[in-house]
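> from the sequence below, what's the structure:
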Amino acid sequence: MASCSAFGIQAGYCAAMDAPITARVCSALAESLDRDSETGRRVLDWAGEPVADALALRLVGGLHALHRAGVDPELSAVFAGVETDSARTVAILKATLVTQDAALLPWLDGPPQTNEAARSAGMLTGILHLAERYGPRFEVLEIGSSAGLNLLIDRYRFDLGGVNFGPSASPVTINPEWRGARPPSAPVEIGSTRGVDIHPVDVADPAAAARLEAYVWVDAVERQTRLATAIAMVREGGIDLVEGDAADWVEARLAEPQPKGVTRVLMHSVVWQYLPATSRERIRVAMDAAGARATVERPLGWVMMEPNRDLHRHEVRVRGWPGERGMELVALAHAHGAWVEGLSAPHETRDYVMRRGAYEKD
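The predicted model follows:
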């Protein structure tokens with residue numbers, strides 16, 4: 001079944017991103033799923049596109065949460081990397097799907113809320129390209145903000161191939177392995193960050209924070225530490241994050257007066273595939289219309305870090321208005337920000353739009 005094959009595909013992604021335990025869990029789930037539980041039946045009868053819907057990661061998040069709660073020593077042995085026998089792992093997961101059916105079922109209701117703070121390295125790379133064109137001052141709008149951790153982009157410390165940004169005393173330093181061409185070393189001043197999510201995560205709620213932490217793969221110890229610190233930063237300093245529809249929010253924000261000398265930039269990461277096609281089109285139309293109104297005194301930018309599933313990579317793309325340049329590919333990035341590869345010659349992709357996580361011609 002397509003839903004089972006999605007777990008094998010996800011196992012491949014995890015293995016490629018140095019997450020062997022999570023890869024092992026995904027592979028075992030492909031063999032464990034049956035109709036003995038409501039969770040199993042719902043996965044096997046999944047009506048959507050299971051890879052684009054991140055179906056495997058929904059269930060893995062639920063299992064990781066059970067491990068973190070210590071509900072089953074055998075399950076924890078799998079997630080701790082102690083139990084590595086394939087047949088035994090399949091048996092443990094098969095039993096867990098039945099005994100923990102009620103606890104696991106709600107994890108299938110929505111996509112993962114990973115909200116990896118290190119993805120802001122890719123988006124800052126895009127902003128640096130815009131700063132080189134239009135100047136240092138920015139206001140940032142983010143869709144699909146989840147818990148708002150990337151809205152702290154102005155409070156993190158960055159080292160992007162020797163290009164530094166952010167307060168030196170920040171408790172979070174984002175220093176990805178840098179590959180390829182360095183980003184522009186243009187100065188950047190981010191005056192404000194605002195975000196929206198259809199179901200924002202309130203990390204002031206311990207249960208919500210625990211759910212967010214469960215979506216971080218058990219292999220990724222550094223990510224877990226960074227997440228805990230970023231959550232503390234949100235709790236201490238606050239963020240401007242609201243609940244709402246992405247297209248409605250973008251249209252409303254673009255209609256607001258824009259300060260002179262400030263570039264208004266829309267950014268997002270690993271969210272485009274989860275938006276309905278009608279919302280994606282509305283956002284694109286709104287950005288094109290606002291871009292047509294943009295001036296050298298009030299520029300507009302669009303920065304995205306989204307997966308290209310056809311090429312199995314995450315891509316940082318940038319567009320700015322005014323100007324005749326279309327959407328450009330400026331960097332490649334690890335899905336969780338472990339590395340960024342700058343491109344010496346940005347590739348224009350004027351005739352392409354994103355659909356379900358890939359790029360297709362109009």
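> CA atoms for contacts and neighbours, from now on please.
Noted.
> run through the stretch 1-150 of the chain and note the low-pLDDT ranges.
Within the stretch 1-150 of the chain, the segments meeting pLDDT under 70 span 1-2.
> just so I have it, where are all the helices in it?
Counting by DSSP state H, counting those that start in this stretch, the stretch 1-150 of the chain has helices at residues 2-16, 20-32, 38-44, 55-69, 73-79, 86-99, 101-104, 120-134.
> kindly report the same for the stretch 201-350 of the chain.
With helices called from DSSP H, counting those that start in this stretch, the stretch 201-350 of the chain shows them at 206-214, 221-237, 246-254, 277-293.
> show me which residues of the second one are buried.
Applying a neighbour-count criterion of 16 or more other CA atoms under 10 Å, the buried positions in helix 221-237 are 223, 224, 226, 227, 230, 231, 233, 234.
> which pLDDT value belongs to the fourth one?
Right, the one you point to is residue 227. What the model reports for residue 227 is a pLDDT of 95.
> that one reaches residue 116, doesn't it?
Yes. Using CA atoms under 8 Å, residue 227 is in contact with residue 116, at 7.3 Å.
> now do the contacts for residue 305.
Going by CA atoms under 8 Å, 6 or more residues apart in numbering, residue 305 touches 119, 122, 123, 268, 269, 270, 314, 315, 316, 317, 333.
> could I get the helices of the stretch 201-350 of the chain as TSV with distance to residue 191?
Formatted as TSV, the helices of the stretch 201-350 of the chain follow (distance: least, CA to CA, whole Å):
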stretch	distance to residue 191
helix 206-214	27
helix 221-237	15
helix 246-254	15
helix 277-293	20
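> and residue 149, which of those helices is closest to it?
Comparing the helices of the stretch 201-350 of the chain against residue 149 with CA to CA, the closest turns out to be helix 221-237 (6.4 Å).
> now that closest one, how far from the centre of its chain.
Chain-centre distance of helix 221-237: 16 Å, with CA atoms, centre = their mean, to the nearest Å.
> same for that helix, what does it pack against?
Applying 3 or more CA pairs under 8 Å, 6 or more residues apart in numbering; DSSP states H and E, one finds that helix 221-237 contacts helix 206-214.
> got a list of contacts for the helix it packs on?
Outside helix 206-214, the residues that touch it by CA under 8 Å, 6+ apart are 61-62, 64-65, 68, 113-115, 201-203, 224, 227-228, 231.
> what's the answer for stretch 127-145, then?
By CA under 8 Å, 6+ apart, the surrounding residues in contact with stretch 127-145 are 115, 151, 183-198, 200, 241, 246, 250, 261-269, 271, 296, 299, 301, 303, 318, 320.
> who's in contact with the residue most central in space within the chain?
For the chain, residue 270 is the residue whose C-alpha lies nearest the centre (CA atoms, centre = their mean; 3.9 Å). Residue 270 is in contact with 305, 306, 307, counting by CA under 8 Å, 6+ apart.
> mind running it again at 10 Å?
For residue 270, the contacting residues are 114-116, 119, 144, 304-307, 314-315, 335, 357, by CA atoms under 10 Å, 6 or more residues apart in numbering.
> ok, and for stretch 27-38, which residues are buried?
27, 28, 29, 30, 31, 32, 33, 34, 37, 38.
> can you check stretch 42-57 too?
The neighbour-count check on stretch 42-57 (16+ other CA under 10 Å) flags 42, 43, 44, 46, 50, 51, 53, 54, 55, 56, 57 as buried.
> cool, stretch 253-262 as well?
In terms of neighbour count (16+ other CA under 10 Å), stretch 253-262 has its buried residues at 254, 258, 261, 262.
> same check on stretch 171-184?
Buried residues in stretch 171-184 (16+ other CA under 10 Å): 172, 173, 174, 175, 176, 178, 179, 182, 183, 184.
> which members of those residues occur in strands, if any?
Using DSSP state E, the subset of the buried residues of stretch 171-184 located in strands is 173, 174, 178, 179.
> turn those into TSV, including pLDDT and distance to residue 85.
Shown next, in TSV, are these (pLDDT from 0 to 100; distance: CA to CA, whole Å):
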residue	pLDDT	distance to residue 85
173	97	37
174	97	36
178	97	36
179	96	36
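> contact partners for residue 34?
4, 40, 41, 42, 43, 44, 94, 97, 98.
> among those, which pair sits farthest apart?
Looking at the contacts of residue 34 by CA to CA, the two members farthest from one another are 4 and 98, with 17.3 Å of separation.
> higher neighbour count, these two?
Taking other CA atoms under 10 Å, residue 4 and residue 98 do not tie; residue 4 has more neighbours (22 against 17).
> contacts only, for residue 22.
Residue 22 sits next to 10-11, 13-15, 28, 57, 60, 64, 78-79, 81, 217-220 when contact means CA under 10 Å, 6+ apart.
> out of those, who's nearest residue 328?
residue 13 (25.4 Å).
> residue 23 is in contact with the closest one, correct?
Yes. Contact criterion CA atoms under 10 Å: residue 13 and residue 23 qualify, at 7.7 Å.
> related to what we said a few turns ago, between the buried residues of stretch 171-184, which sits nearest residue 88?
residue 176 (36.6 Å).
> and the nearest residue to residue 189 once chain neighbours are set aside, how close does it get to residue 301?
Once flanking residues are discounted, residue 189 sits nearest to residue 137: 4.8 Å by CA to CA, 6 or more residues apart in numbering. Distance, residue 137 to residue 301, using CA to CA, to the nearest Å: 12 Å.
> which residues are common contacts for the two?
Residues touching both residue 137 and residue 301 (CA under 10 Å, 6+ apart): 131, 263, 264.
> show the contacting residues for residue 78.
Taking CA under 10 Å, 6+ apart as the test, what residue 78 contacts is 21-22, 24-25, 64, 67, 84-85, 88-90, 92-93.
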